[in-house]
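**Q** let me see the structure of the following:
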Amino acid sequence: MAARIIDIATDRALALTEASARLGEGLPIAIPTETVYGLAADATNPAAVTRIYETKGRPRFNPLICHMADLAMAERHAIFDPVSRLLAEAFWPGPLTLVLPRRAESGIHDLATAGLDTVGVRVPRGFTSDLIAAFGRPLAAPSANTSGKVSPTSARHVAEDLGEKLSLIIDGGRAPVGVESTIVKVEGDRVRLLRPGGISAEAIERLTGRKVERQEGLSGAIEAPGMLASHYAPGAAVRLFAAAAEPGEVLIRFAGQPVAGSEAAKAVFDLSPAGDLAEAAAHLFDYLKQADATGAARIAVAAIPDEGLGEAINDRLARAAAPRDT
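**A** Residues are numbered from 1 along each chain as shown. This is a model prediction of the structure:
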């Protein structure tokens, strides 16, 4: 049976009531956030968290971000150092996740943290923040898609992928940021970037006065979501830094840059003809899905500037292009 879809623009009160009811039953639901759509369930309920992993086909060693209504709720579940508090006060609500020590008295279940003694916490904007406040407990919410595939930025994307596995999808329109949250972990004097995302590393450096340390390569210990080497992948193979498009490929470019062979491409998408990286981030996952839907065997992606939100875009593309398990 296909999921019921409720548009918050049509009936916000009904959306809050129905979403709270499903969450109270321990069922995962799809919710809109400013980054991407999330697959949300009660982070304190082990059966509910298990259903997230089962619905996505997600490895259980991959922890989940726990979404909070506000900083006060986050403080009841995690221990904030001064730099992390500074970041939270500056960027919440918004697309920043902080990996923090979990409080012993927190009700967040070990399944949501993949057994780690830390927890990734975020305060989203808009409807989801109101939903968490009404529900009264944090929501574990990875992206609402089959694990490893392209993240959804609309209710339609969720319905096409997981619609038969869910009872409810809340439609909040297109996700305005379009890539997942930035994930940061503060360790003493170090500020570590575990995943680039909707808040640029440069903005964090300006606020903290500290150099942000990047993760080396795509692999390493899984400390937070989005750190698997192969992730965010369409069905088609992805080829990066394409200086030319080959016949039959789909081409994704940026800022109207000329790419040799584009006239022979199966389709051409421009992430932002104006060269706006925020617009490019908002279009990234949707254009990957549209490119995949053409049936092309390969997607060629021209170079994207690796600055600001371009760092997050290139991170997602690198993981989409990484070798996949067979």
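**Q** burial count for residue 38?
**A** Burial of residue 38 is recorded as 32 neighbouring residues (other Cβ atoms under 10 Å). Quick note: C-beta positions are derived from backbone N, CA and C, even for glycine.
**Q** can you tell me which residues contact it?
**A** Residues counted as contacts of residue 38 (Cβ atoms under 8 Å, 6 or more residues apart in numbering) are 30-32, 67, 128, 139, 141-144.
**Q** for the residues you listed, work out which two are farthest apart.
**A** Pairwise distances across the contacts of residue 38 peak at 14.4 Å for 32 and 142 (criterion: Cβ to Cβ).
**Q** neighbour count for these two, which is higher?
**A** The residue with more neighbours, out of residue 32 and residue 142 and counting by other Cβ under 10 Å, is residue 32; that gives 30 against 26.
**Q** doesn't residue 176 make contact with the more buried one?
**A** No - Residue 32 lies out of contact with residue 176 (Cβ atoms under 8 Å); the separation is 9.8 Å.
**Q** and what about the residue positioned nearest the centre of the chain, helix, strand or coil?
**A** Centroid-nearest residue in the chain: residue 180, 2.9 Å away (criterion: Cα atoms, centre = their mean). Three states are possible here, and by DSSP: H, G, I helix; E, B strand; the rest coil the one that applies to residue 180 is coil.
**Q** where's the residue lying closest to residue 47 once chain neighbours are set aside, which helix or strand?
**A** Spatially, and ignoring its direct neighbours in sequence, residue 47 is nearest to residue 26 (5.1 Å; Cβ to Cβ, 6 or more residues apart in numbering). Element membership for residue 26 (DSSP states H and E) is empty, with no helix or strand holding it.
**Q** neighbours around residue 26, how many?
**A** 15.
**Q** now do residue 143
**A** Here the number of neighbours of residue 143 (other Cβ under 10 Å) works out to 29.
**Q** could the contacts of residue 38 be laid out in CSV, adding pLDDT?
**A** Output for the contacts of residue 38, formatted as CSV (pLDDT from 0 to 100):
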residue, pLDDT
30, 98
31, 98
32, 98
67, 98
128, 97
139, 98
141, 97
142, 96
143, 96
144, 97
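**Q** in strands only, show me those residues.
**A** Assigned to strands by DSSP state E, the following of these qualify: 30-31, 67, 139.
**Q** okay if I get the residues you listed as CSV plus neighbour count?
**A** As requested, these are exported to CSV (neighbours: other Cβ atoms under 10 Å):
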residue, neighbour count
30, 32
31, 29
67, 28
139, 30
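**Q** which one of the residues you listed is nearest residue 246?
**A** Each of these was checked against residue 246 using Cβ to Cβ; the closest is residue 30, at 36.4 Å.
**Q** for residue 251, helix, strand, or coil?
**A** Taken by three-state DSSP, the conformation at residue 251 corresponds to strand.
**Q** would you mind measuring from it to residue 7?
**A** Using Cβ to Cβ, to the nearest Å, residue 251 is found at 34 Å from residue 7.
**Q** more neighbours: which of those two?
**A** Set side by side, residue 251 and residue 7 show more neighbours around residue 251, with 26 against 15, by other Cβ under 10 Å.
**Q** residues touching that one, list them.
**A** Going by Cβ under 8 Å, 6+ apart, residue 251 touches 242, 245, 259, 262, 265, 267-269, 299-302.
**Q** now residue 309: phi and psi?
**A** Phi and psi for residue 309, reported as degrees, to the nearest 10, are phi -70, psi -10.
**Q** for it, grab the count of nearby residues.
**A** Taking other Cβ under 10 Å as the neighbour definition, residue 309 ends up with a count of 27.
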